[in-house]
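Participant: Take a look and give me a structure for this.
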Amino acid sequence: RIARVIRALLMVAKVVRVVLKTGSAVTSVRVSSNSHQFAARALFQYHVVTDFRVVIYVIYIVTTLFGAVGLIRNIVFNRTFTTVWNPLWFSIGLMDMVRRMPTLPNVFRAITIRRRELLQTSALGLYLFYLYGIAGFVF
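Facilitator: The predicted structure follows:
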């Protein structure tokens, strides 16, 4: 697998050298055969798509565009917000805080690992709210 990644990176480096040399993306980059060229492209695309950071940044860009177009539609054309073109999409970008702040993943881990204790505590809280409501209704 590492050899395939290295071959794909060498293919990308070859394409970048040709682009820098000629100034445009030339499709005539020579690889030993068409099957190797197809394999190199497919492997590179596979690794780009399966890289979590790339997927997250693409999601951030798309949701930011949805929010920006929604704001422009509202300000310029006085249209109402729809599901797709809505500024609420900007809040997805705030999820980047979870990645960047070192304590927030620990908070999520504490919530998900000790799920049973958290549910029991919330059940106790609901029970106390119920008792308080009954006492307030009776007295």
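
Participant: Give the buried residues for the lengthiest helix in the chain.
Facilitator: Criterion DSSP state H: the longest helix present in the chain is helix 52-77. Using 16 or more other CB atoms under 10 Å as the test for burial, helix 52-77 gives 63, 66-67, 70-71, 73. To be clear about C-beta, it is placed using only N, CA and C from the backbone, and glycine gets the same treatment.

Participant: For the spatially most central residue of the chain, list the residues it contacts.
Facilitator: Most central in the chain under CA atoms, centre = their mean is residue 56, positioned 2.5 Å from the mean C-alpha point. Contacts here follow CB atoms under 8 Å, 6 or more residues apart in numbering; on that basis residue 56 touches 96, 99.

Participant: State the distance from it to residue 122.
Facilitator: Remark: distance between residue 56 and residue 122 (CB to CB, to the nearest Å) = 31 Å.

Participant: Now do the strands in this structure.
Facilitator: Counting by DSSP state E, one finds no strands in the chain.

Participant: which residues of it score low on pLDDT?
Facilitator: 1, 5, 15-41, 43-44, 47-49 (pLDDT under 70).

Participant: For this protein, just list every one of the helices.
Facilitator: Counting by DSSP H, the helices of the chain are 2-22, 34-50, 52-77, 96-100, 104-113, 115-138.

Participant: So for residue 86, which of these sits nearest?
Facilitator: helix 52-77 (4.9 Å; CB to CB).

Participant: hmm, back to that, want to throw the helices of the chain into CSV with distance to residue 88?
Facilitator: Shown next, in CSV, are those (distance: least, CB to CB, whole Å):
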stretch, distance to residue 88
helix 2-22, 37
helix 34-50, 27
helix 52-77, 7
helix 96-100, 16
helix 104-113, 21
helix 115-138, 27
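
Participant: nearest to residue 85, of those?
Facilitator: helix 52-77 (3.5 Å).

Participant: That closest one: how far from the chain's middle?
Facilitator: 12 Å (CA atoms, centre = their mean, to the nearest Å).
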